[in-house]
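[1] have a look at this fold, sequence not included:
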């Protein structure tokens with residue numbers, strides 16, 4: 001069966017955003033949310049460095065994820081190694097199956113493309129052509145939906161059918177070949193032990209299942225979480241941090257009893273829980289959707305998979321996945337290692353290898369979704385204003401303390417005192433550069449939710465002006481009221 005056609009191009013709302021994308025890209029670079037890594041040496045595709053505000057938002061995301069899933073959902077957490085030996089990843093299937101198809105320009109071997117993505121781009125271009133008929137559009141949508149499920153032979157046939165050539169040069173493309181996405185690395189000075197940078201965090205969880213089960217007093221069901229780096233040698237990394245070669249994952253393996261009814265119920269629960277959390281951190285609900293994988297698009301180990309999709313400026317793409325992985329991984333590692341992964345159920349007096357539900361989040365593409373949702377252009381006082389409407393819990397800077405003028409020592413001293421009080425709990429900036437209106441705009445642009453102005457009235461009655469980023473409304477608060485307000489707005 002063919003997957004129901006997903007939106008191929010951006011929605012109308014995202015299309016409008018796409019027009020402003022160069023402005024967001026400029027903001028991200030100018031304020032150093034992230035930039036291409038090694039930029040002063042020309043950079044390398046697929047690697048990025050987070051600057052101060054980007055690193056802060058990322059850490060806030062990780063903290064919120066841990067608070068909800070590890071603490072509130074009562075999961076266990078492990079921290080496994082980034083390098084894994086060949087035997088582990090051979091057993092998991094990554095050595096043989098973790099491949100994409102690559103095609104090259106026959107006139108220039110240094111120009112290459114991921115075959116399914118090139119096919120998708122060609123189909124999108126054909127659908128965007130004004131001469132495209134409704135019947136042709138249906139045909140192109142089917143090909144687009146199947147692009148990543150075709151075999152090498154099928155890809156060759158489709159490329160020939162549509163006369164797909166190398167972009168730019170127009171030369172013939174080489175036949176599709178498998179390209180393994182793992183970074184290989186020797187282990188030890190002799191180099192005799194073959195290792196790889198891990199392509200996912202999940203395997204470290206499966207390897208430690210028995211030890212965590214013991215720490216959980218042999219209670220089932222239960223879940224294990226891991227947050228950490230993963231590495232994939234992408235053929236054509238694209239769309240900035242959406243598809244990169246080094247990225248961070250937040251993954252959960254929730255172990256459950258076998259049986260069709262059991263996994264279906266847990267799978268639905270985790271899809272709903274994940275979607276709810278994504279909305280709670282400020283992602284716009286109208287940009288979220290779901291995509292249920294048909295059987296021919298499932299990974300070799302999966303019984304089902306549903307993706308939470310997000311409409312980025314460049315189209316609707318996977319944001320988060322929730323897979324029912326069966327007991328494939330535990331079974332494979334038990335057979336290869338000789339160590340049992342069985343669980344004995346005292347109530348039913350049965351032994352079984354647990355099945356698993358896997359909600360998986362990519363931190364970097366989640367960052368991009370957060371920036372997309374937060375980016376806003378409005379008008380204040382007849383002037384255009386650019387701001388990032390981060391949820392206060394995600395904002396890199398929680399508040400900025402702004403003395404009205406910087407040439408009055410008593411005003412600066414009072415502002416410093418307030419800044420120090422707030423800084424004990426939150427990341428707060430102290431800003432004296434420029435006119436007060438300019439400082440407001442500068443903080444709006446980086447997503448600071450609150451500005452606190454210390455003026456001459458502050459010296460008389462110990463009140464400050466609190467300005468809200470989104471509404472620009474201002475009100476006077478005493479210092480105790482300010483502290484209470486900040487706690488409620490950020491921590492509640």
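    Now that the structure is in, tell me what you want to look at. Nothing here was measured: the structure is a model prediction, and the numbers come from that model. Numbers count the residues shown, from 1 in each chain.
[2] can you tell me how far residue 89 is from residue 78?
    18 Å (CB to CB, to the nearest Å). The C-beta positions use only the backbone N, C-alpha and C, and glycine is treated the same way.
[3] check residue 466 too.
    For residue 466 relative to residue 78 (CB to CB), the value is 42 Å.
[4] ok, residue 89 and residue 78, which is more surrounded?
    residue 89 (21 against 18; other CB atoms under 10 Å).
[5] that one contacts residue 184, correct?
    No. In this structure, residue 89 is not within contact of residue 184 by CB atoms under 8 Å, at 10.1 Å.
[6] overlap in contacts of the two?
    residue 196 (CB atoms under 8 Å, 6 or more residues apart in numbering).
[7] neighbours around residue 85, how many?
    Neighbours around residue 85, by other CB under 10 Å: 13.
[8] ok, and the closest non-adjacent residue to it?
    Computed as CB to CB, 6 or more residues apart in numbering, the closest residue to residue 85 that is not its neighbour in sequence is residue 195, at 5.3 Å.
[9] do you know how far that neighbour is from residue 234?
    20 Å.
[10] and the two? which has more neighbours close in?
    Set residue 195 next to residue 234 and count neighbours by other CB under 10 Å: residue 195 wins out with 22 against 19.
[11] and the pLDDT for the more buried one?
    For residue 195, the pLDDT comes out at 96.
[12] report the next helix or strand after the strand or helix carrying it in sequence order.
    Using DSSP states H and E, residue 195 falls within strand 193-197. Note on strand 193-197: by DSSP H and E, the next helix or strand toward the C-terminus is helix 202-207.
[13] for that next one, name the packing helices and strands.
    Here helix 202-207 touches helix 86-92, strand 222-231, strand 246-256, helix 328-337, going by 3 or more CB pairs under 8 Å, 6 or more residues apart in numbering; DSSP states H and E.
[14] redo those as CSV? Include mean pLDDT and distance to residue 165.
    Shown next, in CSV, are the helices and strands packed on helix 202-207 (pLDDT from 0 to 100; distance: least, CB to CB, whole Å):
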stretch, mean pLDDT, distance to residue 165
helix 86-92, 96, 36
strand 222-231, 98, 32
strand 246-256, 98, 32
helix 328-337, 96, 40
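[15] for whichever helix or strand residue 323 is part of, give the mean pLDDT please.
    In this assignment (DSSP H and E), residue 323 forms part of strand 315-326. In this model, strand 315-326 has a mean pLDDT of 93.
[16] pull out the buried positions in the strand holding residue 195.
    For strand 193-197, the buried set under the neighbour-count rule, 16 or more other CB atoms under 10 Å, comprises 195, 196, 197.
[17] so the residue nearest to the second one when sequence neighbours are not counted, which of the three states?
    Read that as residue 196. Once flanking residues are discounted, residue 196 sits nearest to residue 182: 4.5 Å by CB to CB, 6+ apart. With DSSP: H, G, I helix; E, B strand; the rest coil as the basis, residue 182 sits in coil.
[18] distance of residue 182 from residue 248?
    Residue 182 is 17 Å from residue 248, by CB to CB.
[19] surely residue 428 meets residue 402?
    No. At 10.9 Å, residue 428 does not count as touching residue 402 under the criterion of CB under 8 Å.
[20] these two: who's more crowded?
    residue 402 (26 against 22).
[21] measure that one to residue 481 for me?
    Counting by CB to CB, the gap from residue 402 to residue 481 is 18 Å.
[22] cool, residue 22 as well?
    Residue 22 is 42 Å from residue 481, by CB to CB.
[23] one more: residue 299?
    For residue 299, the distance to residue 481 - CB to CB - is 54 Å.
[24] ok, residue 179 next?
    60 Å.
[25] which one of these two is surrounded by more residues?
    residue 179 (17 against 14).
[26] so the more buried one: helix, strand or coil?
    strand.
[27] need the pLDDT of it.
    Looking at residue 179, the pLDDT reads 94.
[28] beta-bridge partners for the residue lying closest to it once chain neighbours are set aside, please?
    Closest residue to residue 179 in three dimensions, ignoring its sequence neighbours and counting by CB to CB, 6+ apart: residue 102, at 4.3 Å. As for beta bridges, residue 102 partners with residue 114, residue 177 under DSSP bridges.
[29] now residue 102: how far from residue 314?
    22 Å.
[30] again, but for residue 141
    Distance from residue 141 to residue 314, by CB to CB: 18 Å.
[31] please apply the same query to residue 353.
    Using CB to CB, we find residue 353 at a distance of 41 Å from residue 314.
[32] report the contact partners of the residue lying closest to residue 469 once chain neighbours are set aside.
    Of all residues not flanking residue 469 in the chain, residue 449 sits nearest, at 4.9 Å (CB to CB, 6+ apart). By CB under 8 Å, 6+ apart, the contact set of residue 449 is 390, 392, 395, 398, 399, 468, 469, 470, 489.
[33] got these as JSON lines, with distance to residue 241, neighbour count and secondary structure columns?
    Below are the contacts of residue 449 laid out as JSON lines (distance: CB to CB, whole Å; neighbours: other CB atoms under 10 Å; DSSP: H, G, I helix; E, B strand; the rest coil):
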{"residue": "390", "distance to residue 241": "17", "neighbour count": "24", "secondary structure": "coil"}
{"residue": "392", "distance to residue 241": "23", "neighbour count": "21", "secondary structure": "coil"}
{"residue": "395", "distance to residue 241": "19", "neighbour count": "27", "secondary structure": "coil"}
{"residue": "398", "distance to residue 241": "24", "neighbour count": "22", "secondary structure": "coil"}
{"residue": "399", "distance to residue 241": "27", "neighbour count": "28", "secondary structure": "strand"}
{"residue": "468", "distance to residue 241": "29", "neighbour count": "13", "secondary structure": "strand"}
{"residue": "469", "distance to residue 241": "24", "neighbour count": "24", "secondary structure": "coil"}
{"residue": "470", "distance to residue 241": "25", "neighbour count": "11", "secondary structure": "coil"}
{"residue": "489", "distance to residue 241": "28", "neighbour count": "17", "secondary structure": "helix"}
